[in-house]
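Visitor: Show me the folded form of this:
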Amino acid sequence: MSRIAIELPTLQNWSCHNCGGCCKQHAIFITDEERERIDSQGWDSSQLGTSEKDLVLEERSLTGKRTLRLAQEADGSCVFLDEKGLCRIHGKFGEAAKPLACRIYPYAFHPKGDEVAVSLRFSCPSVTENLGTPVRKQKREIREIAELVVPNKAAKFPAPAVNKRTKLQWNETLSIVNAIDQTLAAEEANIGVKLLRALSWLELIGQTNFEKIRGERVDELLEILTTAIEEELQELPQLEAPSSLAMKQFRLLAGQYARKDTYASADRSFKGRWKQLQAAFRLTSGSGLTPAFGNGLGHVPFAALEKSFGLLPEESEELLTRYFRVKVQGLHFCGRAFYNMSVVEGFQSLAVVLPSTLWIARWRAATSGRNKITHEDVREALQIVDHQHGYSEALGTWGARKRVSTLAQMGQISKLIVWVLK
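Guide: Residues are numbered from 1 along each chain as shown. Model (predicted):
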(Lines give C-alpha, C1' and ligand atoms only; values in the text may rest on other atoms or scores of the structure.)
Protein backbone atom coordinates (compact mmCIF):
# COMPACT_ATOMS: atom_id res chain seq x y z
CA MET A 1 0.00 0.00 0.00
CA SER A 2 1.32 3.49 -0.87
CA ARG A 3 1.73 6.00 1.91
CA ILE A 4 -1.61 7.46 2.81
CA ALA A 5 -2.38 11.10 3.54
CA ILE A 6 -3.82 11.55 7.01
CA GLU A 7 -5.52 14.53 8.60
CA LEU A 8 -4.96 14.87 12.34
CA PRO A 9 -7.18 16.66 14.89
CA THR A 10 -5.78 20.11 15.58
CA LEU A 11 -6.52 20.47 19.29
CA GLN A 12 -5.97 17.08 20.92
CA ASN A 13 -3.10 15.61 22.95
CA TRP A 14 -2.66 11.95 23.77
CA SER A 15 -0.12 9.49 25.13
CA CYS A 16 -0.77 6.17 26.83
CA HIS A 17 -0.47 6.40 30.62
CA ASN A 18 -0.86 2.65 31.26
CA CYS A 19 -4.05 3.02 33.26
CA GLY A 20 -5.27 -0.33 31.90
CA GLY A 21 -8.77 1.03 31.37
CA CYS A 22 -8.92 -0.01 27.73
CA CYS A 23 -7.99 -3.56 28.78
CA LYS A 24 -10.90 -3.68 31.25
CA GLN A 25 -13.82 -1.88 29.65
CA HIS A 26 -13.63 -2.99 26.00
CA ALA A 27 -14.18 -6.32 24.30
CA ILE A 28 -11.12 -7.10 22.17
CA PHE A 29 -12.29 -8.54 18.86
CA ILE A 30 -9.68 -10.38 16.80
CA THR A 31 -9.33 -12.02 13.40
CA ASP A 32 -8.81 -15.70 12.62
CA GLU A 33 -5.19 -14.89 11.75
CA GLU A 34 -4.68 -13.21 15.13
CA ARG A 35 -6.22 -16.19 16.86
CA GLU A 36 -3.73 -18.49 15.14
CA ARG A 37 -0.88 -16.20 16.17
CA ILE A 38 -1.99 -16.17 19.82
CA ASP A 39 -2.39 -19.96 19.77
CA SER A 40 1.15 -20.29 18.41
CA GLN A 41 2.52 -18.15 21.24
CA GLY A 42 2.02 -21.05 23.62
CA TRP A 43 -0.13 -19.43 26.29
CA ASP A 44 -1.62 -21.66 28.99
CA SER A 45 -4.62 -20.46 30.99
CA SER A 46 -3.29 -21.98 34.21
CA GLN A 47 0.02 -20.12 33.80
CA LEU A 48 -1.85 -16.85 33.26
CA GLY A 49 -3.65 -17.27 36.56
CA THR A 50 -7.04 -16.89 34.93
CA SER A 51 -10.24 -18.72 35.70
CA GLU A 52 -11.07 -18.78 31.98
CA LYS A 53 -10.42 -22.09 30.24
CA ASP A 54 -10.62 -20.66 26.72
CA LEU A 55 -8.48 -17.59 26.03
CA VAL A 56 -10.34 -16.80 22.79
CA LEU A 57 -14.14 -17.02 22.57
CA GLU A 58 -16.21 -17.49 19.43
CA GLU A 59 -19.66 -15.87 19.53
CA ARG A 60 -22.45 -14.36 17.47
CA SER A 61 -23.21 -10.64 17.54
CA LEU A 62 -26.73 -9.16 17.76
CA THR A 63 -26.83 -9.18 13.96
CA GLY A 64 -25.75 -12.83 13.77
CA LYS A 65 -22.20 -12.08 12.64
CA ARG A 66 -19.54 -14.54 13.85
CA THR A 67 -16.99 -12.86 16.11
CA LEU A 68 -13.82 -13.83 17.95
CA ARG A 69 -12.76 -11.99 21.08
CA LEU A 70 -10.26 -12.35 23.88
CA ALA A 71 -11.74 -13.76 27.08
CA GLN A 72 -12.27 -11.47 30.07
CA GLU A 73 -12.25 -11.90 33.80
CA ALA A 74 -15.38 -11.20 35.86
CA ASP A 75 -14.35 -7.55 36.33
CA GLY A 76 -13.95 -7.09 32.57
CA SER A 77 -10.14 -7.37 32.53
CA CYS A 78 -8.58 -9.01 29.49
CA VAL A 79 -7.07 -12.40 30.37
CA PHE A 80 -3.70 -11.12 29.11
CA LEU A 81 -3.65 -8.14 31.50
CA ASP A 82 -1.10 -8.76 34.25
CA GLU A 83 -1.15 -7.65 37.89
CA LYS A 84 0.81 -4.49 36.99
CA GLY A 85 -1.81 -3.43 34.46
CA LEU A 86 0.39 -4.32 31.47
CA CYS A 87 -0.22 -6.58 28.48
CA ARG A 88 1.47 -9.98 28.70
CA ILE A 89 1.54 -10.36 24.92
CA HIS A 90 3.27 -7.00 24.54
CA GLY A 91 5.70 -7.76 27.33
CA LYS A 92 6.77 -11.16 25.95
CA PHE A 93 6.57 -10.72 22.18
CA GLY A 94 6.52 -6.95 21.58
CA GLU A 95 3.85 -4.47 20.51
CA ALA A 96 3.55 -5.85 16.98
CA ALA A 97 2.35 -9.20 18.38
CA LYS A 98 -0.74 -7.66 19.99
CA PRO A 99 -4.14 -7.76 18.28
CA LEU A 100 -4.61 -4.83 15.91
CA ALA A 101 -7.59 -3.56 17.95
CA CYS A 102 -5.25 -3.04 20.91
CA ARG A 103 -2.63 -1.25 18.83
CA ILE A 104 -5.17 1.11 17.29
CA TYR A 105 -6.96 2.28 20.46
CA PRO A 106 -7.88 5.08 21.09
CA TYR A 107 -7.45 6.16 17.46
CA ALA A 108 -10.14 5.79 14.80
CA PHE A 109 -9.62 6.20 11.05
CA HIS A 110 -12.26 7.29 8.55
CA PRO A 111 -12.25 8.02 4.79
CA LYS A 112 -12.17 11.74 3.99
CA GLY A 113 -11.86 12.14 0.25
CA ASP A 114 -8.22 11.68 -0.77
CA GLU A 115 -7.18 11.63 2.89
CA VAL A 116 -7.91 9.59 5.98
CA ALA A 117 -9.26 11.51 8.96
CA VAL A 118 -8.03 10.58 12.42
CA SER A 119 -10.29 10.77 15.45
CA LEU A 120 -9.99 9.57 19.03
CA ARG A 121 -12.22 7.75 21.48
CA PHE A 122 -13.00 9.74 24.61
CA SER A 123 -13.61 6.56 26.60
CA CYS A 124 -9.85 6.79 27.25
CA PRO A 125 -9.12 8.95 30.35
CA SER A 126 -5.93 10.35 28.80
CA VAL A 127 -7.97 11.59 25.83
CA THR A 128 -10.63 13.27 27.94
CA GLU A 129 -7.93 14.89 30.10
CA ASN A 130 -5.92 15.91 27.01
CA LEU A 131 -2.75 14.38 28.43
CA GLY A 132 0.41 13.66 26.51
CA THR A 133 2.02 14.71 23.26
CA PRO A 134 0.05 16.81 20.75
CA VAL A 135 -1.43 14.41 18.23
CA ARG A 136 -0.26 16.62 15.35
CA LYS A 137 3.34 15.79 16.39
CA GLN A 138 2.76 12.04 16.15
CA LYS A 139 2.03 11.91 12.42
CA ARG A 140 4.65 9.27 11.56
CA GLU A 141 3.54 6.84 14.28
CA ILE A 142 -0.15 7.35 13.54
CA ARG A 143 0.38 6.86 9.81
CA GLU A 144 2.11 3.53 10.51
CA ILE A 145 -0.98 2.37 12.41
CA ALA A 146 -3.33 3.74 9.75
CA GLU A 147 -1.54 1.82 7.03
CA LEU A 148 -2.33 -1.41 8.91
CA VAL A 149 -6.02 -0.52 9.06
CA VAL A 150 -7.06 1.52 6.04
CA PRO A 151 -7.88 -0.55 2.92
CA ASN A 152 -6.29 0.31 -0.43
CA LYS A 153 -9.64 1.36 -1.86
CA ALA A 154 -10.33 3.91 0.91
CA ALA A 155 -9.80 6.86 -1.42
CA LYS A 156 -12.59 5.50 -3.63
CA PHE A 157 -15.23 5.43 -0.90
CA PRO A 158 -18.05 7.89 -1.67
CA ALA A 159 -18.77 10.79 0.63
CA PRO A 160 -21.46 10.20 3.27
CA ALA A 161 -24.94 11.39 2.33
CA VAL A 162 -25.71 14.96 3.38
CA ASN A 163 -29.37 14.24 4.09
CA LYS A 164 -31.76 11.38 3.35
CA ARG A 165 -32.14 12.45 -0.28
CA THR A 166 -28.78 13.90 -1.23
CA LYS A 167 -25.26 12.70 -1.90
CA LEU A 168 -22.70 15.30 -2.95
CA GLN A 169 -19.08 15.13 -4.05
CA TRP A 170 -16.40 14.93 -1.35
CA ASN A 171 -15.35 18.59 -1.69
CA GLU A 172 -18.96 19.75 -1.30
CA THR A 173 -19.64 17.46 1.67
CA LEU A 174 -16.42 18.54 3.36
CA SER A 175 -17.46 22.18 2.96
CA ILE A 176 -20.48 21.37 5.13
CA VAL A 177 -18.35 19.43 7.66
CA ASN A 178 -15.84 22.31 7.84
CA ALA A 179 -18.70 24.76 8.40
CA ILE A 180 -19.85 22.65 11.37
CA ASP A 181 -16.33 22.79 12.82
CA GLN A 182 -16.13 26.55 12.32
CA THR A 183 -19.47 26.95 14.09
CA LEU A 184 -18.15 24.91 17.02
CA ALA A 185 -14.90 26.91 17.09
CA ALA A 186 -16.61 30.25 17.83
CA GLU A 187 -14.87 31.57 20.95
CA GLU A 188 -17.54 34.06 22.00
CA ALA A 189 -20.24 31.40 22.51
CA ASN A 190 -20.66 28.55 24.97
CA ILE A 191 -20.99 24.95 23.85
CA GLY A 192 -24.78 25.02 24.09
CA VAL A 193 -25.12 28.04 21.79
CA LYS A 194 -22.65 26.55 19.32
CA LEU A 195 -24.56 23.27 19.12
CA LEU A 196 -27.88 25.10 18.70
CA ARG A 197 -26.42 27.17 15.86
CA ALA A 198 -25.14 24.07 14.05
CA LEU A 199 -28.42 22.22 14.56
CA SER A 200 -30.38 25.22 13.24
CA TRP A 201 -28.56 25.67 9.94
CA LEU A 202 -28.14 21.91 9.42
CA GLU A 203 -31.92 21.57 9.71
CA LEU A 204 -32.15 23.90 6.71
CA ILE A 205 -29.47 21.88 4.91
CA GLY A 206 -31.63 18.82 5.52
CA GLN A 207 -34.51 20.52 3.69
CA THR A 208 -32.43 21.84 0.78
CA ASN A 209 -32.75 20.53 -2.77
CA PHE A 210 -29.16 20.49 -4.01
CA GLU A 211 -30.03 19.72 -7.63
CA LYS A 212 -28.88 23.17 -8.75
CA ILE A 213 -26.68 24.01 -5.78
CA ARG A 214 -23.25 22.51 -6.41
CA GLY A 215 -19.61 23.49 -6.20
CA GLU A 216 -19.05 27.11 -5.14
CA ARG A 217 -22.79 27.61 -4.69
CA VAL A 218 -22.65 25.18 -1.72
CA ASP A 219 -20.07 27.47 -0.08
CA GLU A 220 -22.22 30.51 -0.81
CA LEU A 221 -25.25 28.83 0.75
CA LEU A 222 -23.26 27.88 3.85
CA GLU A 223 -21.97 31.44 4.24
CA ILE A 224 -25.52 32.80 4.13
CA LEU A 225 -26.94 30.25 6.54
CA THR A 226 -24.16 30.26 9.13
CA THR A 227 -23.93 34.06 9.21
CA ALA A 228 -27.68 34.49 9.61
CA ILE A 229 -27.94 31.89 12.37
CA GLU A 230 -24.93 33.31 14.23
CA GLU A 231 -26.44 36.79 14.22
CA GLU A 232 -29.82 35.46 15.31
CA LEU A 233 -28.60 33.15 18.10
CA GLN A 234 -26.27 34.99 20.48
CA GLU A 235 -27.19 33.26 23.73
CA LEU A 236 -29.23 30.35 25.01
CA PRO A 237 -32.96 30.94 24.56
CA GLN A 238 -35.36 30.99 27.47
CA LEU A 239 -35.86 27.61 29.09
CA GLU A 240 -38.79 25.70 27.64
CA ALA A 241 -39.12 22.27 29.22
CA PRO A 242 -38.92 19.31 26.82
CA SER A 243 -42.23 17.51 26.29
CA SER A 244 -43.10 14.38 28.26
CA LEU A 245 -42.76 12.29 25.09
CA ALA A 246 -39.34 13.80 24.41
CA MET A 247 -38.22 13.00 27.96
CA LYS A 248 -39.27 9.36 27.55
CA GLN A 249 -37.29 9.06 24.33
CA PHE A 250 -34.33 10.89 25.86
CA ARG A 251 -34.18 8.79 29.04
CA LEU A 252 -34.13 5.60 26.97
CA LEU A 253 -31.22 6.93 24.91
CA ALA A 254 -29.34 8.22 27.93
CA GLY A 255 -29.97 4.92 29.69
CA GLN A 256 -28.42 3.05 26.76
CA TYR A 257 -25.33 5.23 27.09
CA ALA A 258 -25.24 4.80 30.88
CA ARG A 259 -25.31 1.01 30.83
CA LYS A 260 -21.59 0.58 30.16
CA ASP A 261 -21.49 -3.20 30.15
CA THR A 262 -18.37 -5.11 29.28
CA TYR A 263 -18.84 -8.47 27.65
CA ALA A 264 -17.76 -10.07 30.92
CA SER A 265 -20.15 -8.17 33.16
CA ALA A 266 -23.18 -8.31 30.85
CA ASP A 267 -25.68 -10.89 32.08
CA ARG A 268 -27.14 -12.63 29.03
CA SER A 269 -29.32 -15.02 31.00
CA PHE A 270 -33.11 -14.72 31.07
CA LYS A 271 -32.79 -13.07 34.48
CA GLY A 272 -30.27 -10.57 33.12
CA ARG A 273 -32.45 -9.70 30.14
CA TRP A 274 -35.45 -9.30 32.44
CA LYS A 275 -33.45 -6.80 34.51
CA GLN A 276 -32.66 -4.87 31.34
CA LEU A 277 -36.34 -4.80 30.45
CA GLN A 278 -37.24 -3.59 33.94
CA ALA A 279 -34.62 -0.83 33.62
CA ALA A 280 -36.16 0.21 30.29
CA PHE A 281 -39.61 0.36 31.92
CA ARG A 282 -38.24 2.59 34.69
CA LEU A 283 -36.51 4.88 32.21
CA THR A 284 -39.68 5.15 30.13
CA SER A 285 -41.86 6.02 33.11
CA GLY A 286 -39.38 8.40 34.72
CA SER A 287 -41.05 7.92 38.11
CA GLY A 288 -39.66 6.54 41.33
CA LEU A 289 -35.99 5.58 41.42
CA THR A 290 -33.56 5.20 38.54
CA PRO A 291 -32.08 1.78 37.85
CA ALA A 292 -28.53 1.26 39.17
CA PHE A 293 -25.93 0.74 36.43
CA GLY A 294 -22.66 0.84 38.33
CA ASN A 295 -19.99 3.30 37.22
CA GLY A 296 -21.10 5.52 40.11
CA LEU A 297 -24.72 5.51 38.93
CA GLY A 298 -26.95 4.26 41.73
CA HIS A 299 -30.64 4.40 42.61
CA VAL A 300 -31.72 8.04 42.86
CA PRO A 301 -35.12 9.70 42.36
CA PHE A 302 -35.77 10.65 38.73
CA ALA A 303 -37.24 13.89 40.04
CA ALA A 304 -33.86 14.82 41.53
CA LEU A 305 -32.28 14.72 38.06
CA GLU A 306 -34.76 17.23 36.65
CA LYS A 307 -33.59 20.01 38.95
CA SER A 308 -30.81 22.41 38.03
CA PHE A 309 -27.34 21.26 39.10
CA GLY A 310 -25.70 24.62 38.57
CA LEU A 311 -23.64 26.07 35.76
CA LEU A 312 -21.34 23.97 33.64
CA PRO A 313 -17.80 24.05 35.13
CA GLU A 314 -15.40 26.15 33.06
CA GLU A 315 -13.03 23.21 32.45
CA SER A 316 -15.98 21.20 31.13
CA GLU A 317 -16.68 23.86 28.51
CA GLU A 318 -13.21 23.27 27.05
CA LEU A 319 -13.57 19.48 27.25
CA LEU A 320 -16.95 19.37 25.52
CA THR A 321 -15.93 21.81 22.78
CA ARG A 322 -12.81 19.74 22.12
CA TYR A 323 -14.88 16.55 22.08
CA PHE A 324 -17.33 17.77 19.46
CA ARG A 325 -14.65 19.32 17.28
CA VAL A 326 -12.49 16.18 17.30
CA LYS A 327 -15.50 14.07 16.33
CA VAL A 328 -16.43 16.46 13.51
CA GLN A 329 -12.88 16.94 12.20
CA GLY A 330 -12.43 13.16 12.20
CA LEU A 331 -15.79 12.46 10.47
CA HIS A 332 -16.53 10.33 13.52
CA PHE A 333 -20.25 11.13 13.38
CA CYS A 334 -21.55 10.07 9.97
CA GLY A 335 -21.08 7.71 7.06
CA ARG A 336 -19.06 4.52 7.47
CA ALA A 337 -17.85 5.68 10.90
CA PHE A 338 -21.34 6.04 12.35
CA TYR A 339 -23.98 3.51 11.29
CA ASN A 340 -23.93 4.95 7.72
CA MET A 341 -25.92 7.98 8.85
CA SER A 342 -26.11 11.15 6.79
CA VAL A 343 -24.25 14.28 7.90
CA VAL A 344 -27.47 15.87 9.19
CA GLU A 345 -28.77 12.79 11.01
CA GLY A 346 -25.32 11.95 12.38
CA PHE A 347 -24.82 15.43 13.82
CA GLN A 348 -28.24 15.32 15.44
CA SER A 349 -27.19 12.08 17.15
CA LEU A 350 -23.88 13.66 18.14
CA ALA A 351 -25.66 16.69 19.61
CA VAL A 352 -27.69 14.38 21.88
CA VAL A 353 -24.38 13.45 23.52
CA LEU A 354 -24.42 16.79 25.38
CA PRO A 355 -27.72 16.34 27.27
CA SER A 356 -26.95 12.64 27.76
CA THR A 357 -23.54 13.41 29.26
CA LEU A 358 -24.80 16.15 31.57
CA TRP A 359 -27.82 14.07 32.66
CA ILE A 360 -25.48 11.20 33.55
CA ALA A 361 -23.20 13.70 35.32
CA ARG A 362 -26.23 14.78 37.39
CA TRP A 363 -26.97 11.13 38.10
CA ARG A 364 -23.40 10.61 39.27
CA ALA A 365 -23.54 13.68 41.53
CA ALA A 366 -26.94 12.70 42.97
CA THR A 367 -25.66 9.19 43.72
CA SER A 368 -22.97 10.84 45.85
CA GLY A 369 -25.56 13.03 47.57
CA ARG A 370 -24.55 16.25 45.78
CA ASN A 371 -26.75 18.80 44.00
CA LYS A 372 -23.92 20.38 41.97
CA ILE A 373 -21.96 18.74 39.19
CA THR A 374 -18.19 18.92 39.09
CA HIS A 375 -15.79 18.72 36.16
CA GLU A 376 -14.97 15.19 37.28
CA ASP A 377 -18.65 14.28 36.98
CA VAL A 378 -18.72 15.61 33.42
CA ARG A 379 -15.44 13.94 32.48
CA GLU A 380 -16.49 10.55 33.86
CA ALA A 381 -19.92 10.85 32.22
CA LEU A 382 -18.39 11.67 28.83
CA GLN A 383 -16.12 8.61 29.08
CA ILE A 384 -19.20 6.48 29.76
CA VAL A 385 -21.16 7.98 26.87
CA ASP A 386 -18.36 7.83 24.31
CA HIS A 387 -17.70 4.20 25.22
CA GLN A 388 -21.01 3.50 23.47
CA HIS A 389 -21.40 6.31 20.93
CA GLY A 390 -20.86 4.89 17.47
CA TYR A 391 -19.83 1.48 18.80
CA SER A 392 -22.91 0.04 20.52
CA GLU A 393 -24.93 -2.11 18.13
CA ALA A 394 -28.05 -1.11 20.07
CA LEU A 395 -27.54 2.58 19.24
CA GLY A 396 -27.42 1.73 15.54
CA THR A 397 -30.75 -0.10 15.53
CA TRP A 398 -33.87 1.27 13.90
CA GLY A 399 -35.43 2.00 17.28
CA ALA A 400 -32.54 4.10 18.58
CA ARG A 401 -32.24 6.02 15.32
CA LYS A 402 -35.99 6.62 15.34
CA ARG A 403 -35.77 8.14 18.83
CA VAL A 404 -33.20 10.68 17.64
CA SER A 405 -35.10 11.50 14.45
CA THR A 406 -38.31 11.90 16.46
CA LEU A 407 -36.58 14.30 18.86
CA ALA A 408 -35.20 16.25 15.89
CA GLN A 409 -38.54 16.45 14.06
CA MET A 410 -40.23 17.67 17.24
CA GLY A 411 -37.57 20.33 17.78
CA GLN A 412 -36.72 18.74 21.12
CA ILE A 413 -32.95 18.25 20.83
CA SER A 414 -32.40 21.99 21.23
CA LYS A 415 -34.80 22.08 24.19
CA LEU A 416 -32.92 19.21 25.86
CA ILE A 417 -29.62 21.07 25.42
CA VAL A 418 -31.04 24.25 26.99
CA TRP A 419 -32.68 22.22 29.76
CA VAL A 420 -29.46 20.56 30.95
CA LEU A 421 -27.48 23.81 30.82
CA LYS A 422 -29.94 26.06 32.69
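
Visitor: Any idea what the closest residue to residue 157 other than its chain neighbours is bridged to?
Guide: Leaving out its chain neighbours, the residue that sits closest to residue 157 by CB to CB, 6 or more residues apart in numbering is residue 111, at 4.2 Å. Placement of C-beta: from N, CA and C, glycine included. The partner list for residue 111 in beta bridges (DSSP bridges) reads residue 116.

Visitor: wait, isn't residue 111 in contact with residue 149?
Guide: No: in this structure residue 111 lies outside contact range of residue 149 using CB atoms under 8 Å: 11.5 Å.

Visitor: Comparing those two, which shows the higher neighbour count?
Guide: residue 111 (23 against 16; other CB atoms under 10 Å).

Visitor: gap between that one and residue 160?
Guide: Taking CB to CB, to the nearest Å as the measure, residue 111 falls 9 Å from residue 160.

Visitor: if I look at these two, which residues touch both of them?
Guide: 331, 335-336 (CB atoms under 8 Å, 6 or more residues apart in numbering).

Visitor: Could you list the low-confidence segments of the stretch 201-350 of the chain?
Guide: Along the stretch 201-350 of the chain, the parts satisfying pLDDT under 70 run over 260-270, 272.

Visitor: residue ranges of the helices in it, please?
Guide: With DSSP state H, counting those that start in this stretch as the definition, the stretch 201-350 of the chain shows helices at residue ranges 216-232, 244-258, 270-285, 302-305, 314-329, 343-351.

Visitor: could you dump the ones you listed to TSV with distance to residue 89 and mean neighbour count?
Guide: Putting the helices of the stretch 201-350 of the chain into TSV (distance: least, CB to CB, whole Å; neighbours: other CB atoms under 10 Å) gives the following:
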stretch	distance to residue 89	mean neighbour count
helix 216-232	48	15
helix 244-258	31	20
helix 270-285	30	13
helix 302-305	42	16
helix 314-329	29	21
helix 343-351	34	26
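
Visitor: of these, which approaches residue 405 most closely?
Guide: helix 343-351 (6.8 Å; CB to CB).

Visitor: Against which helices or strands is that closest one packed?
Guide: For helix 343-351, the elements it packs on are helix 170-185, helix 191-207, helix 314-329, helix 398-409, helix 412-421, judged by 3 or more CB pairs under 8 Å, 6 or more residues apart in numbering; DSSP states H and E.

Visitor: Can you point out the buried residues in stretch 130-143?
Guide: For stretch 130-143, the neighbour count (16 or more other CB atoms under 10 Å) marks 135, 138, 142-143 as buried.

Visitor: Next: stretch 204-212.
Guide: Result for stretch 204-212 [16+ other CB under 10 Å]: buried residues 205-206, 208, 210.

Visitor: residues in contact with that stretch?
Guide: Stretch 204-212 has contacts (CB under 8 Å, 6+ apart) with 162-166, 168, 176, 218, 221, 225, 343-344.

Visitor: Adding distance to residue 403, write the helices of the stretch 201-350 of the chain out as a markdown table.
Guide: Output for the helices of the stretch 201-350 of the chain, formatted as a markdown table (distance: least, CB to CB, whole Å):
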| stretch | distance to residue 403 |
| --- | --- |
| helix 216-232 | 25 |
| helix 244-258 | 4 |
| helix 270-285 | 11 |
| helix 302-305 | 18 |
| helix 314-329 | 20 |
| helix 343-351 | 10 |
